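A.B. asks: just coords:
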């Protein structure tokens, strides 16, 4: 049996190869069990923000280019991503404001009850929450100045969009025989 005979056998048309061999899929929050951040809270606070920042937007940019290959469309969608990031930042800041207020109540209440160890634990959680707020504020400042962590999502989307434009050109023009 020759090498090419093996590939030309009936039923060996490549459809038996699972998609996951060649295509890497992104994990979605429903694909993995709930993770707890270091505050002991499920998928809240800074975890939500980092999940958004770490998401690869290249595929969305590529698909958008195939649907509407206009550069103004790219700019609008990049601006939309930036707005979504700003909303996520506001949501996370609100979460921490409420969480710190709740911690402060517990610190005051447990202090009156003489629960020194509990107050120390609560104070540590407050310090962690404050450090998260500082990081969120740094990210927010970067978004305002088009720098830092937030800029990566715009670059990722734009790169995908440009790759989509290149694919259109390649398919429609460069592969054409004349």
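C.D. replies: Arrived safely. Being a predicted model, the structure only gives us computed values, none of them experimental.
A.B. asks: need the longest helix for this structure.
C.D. replies: Across the chain, the longest stretch assigned as helix under DSSP state H is helix 71-112.
A.B. asks: by contact count, what packs against that one?
C.D. replies: In terms of contacts (3 or more C-beta pairs under 8 Å, 6 or more residues apart in numbering; DSSP states H and E), helix 71-112 is packed against helix 46-54, helix 58-67, helix 116-144, helix 151-169. Where you see a C-beta, it was placed from the backbone N, CA and C, and this is true even at glycine.
A.B. asks: change it to 7 Å
C.D. replies: Counting contacts by 3 or more C-beta pairs under 7 Å, 6 or more residues apart in numbering; DSSP states H and E, helix 71-112 is packed against helix 46-54, helix 116-144, helix 151-169.
A.B. asks: columns mean pLDDT on top of these, output as a markdown table?
C.D. replies: Converted to a markdown table, the helices and strands packed on helix 71-112 look like this (pLDDT from 0 to 100):
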| stretch | mean pLDDT |
| --- | --- |
| helix 46-54 | 92 |
| helix 116-144 | 95 |
| helix 151-169 | 90 |
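A.B. asks: export those to TSV and tack on distance to residue 77?
C.D. replies: Converted to TSV, the helices and strands packed on helix 71-112 look like this (distance: least, C-beta to C-beta, whole Å):
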stretch	distance to residue 77
helix 46-54	15
helix 116-144	16
helix 151-169	7
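A.B. asks: out of those helices, nearest to residue 98?
C.D. replies: Smallest distance to residue 98 across those (C-beta to C-beta): 10.3 Å, for helix 116-144.
A.B. asks: in terms of secondary structure, what does the closest one contact?
C.D. replies: Contacts defined by 3+ C-beta pairs under 7 Å, 6+ apart place helix 116-144 against helix 46-54, helix 71-112.
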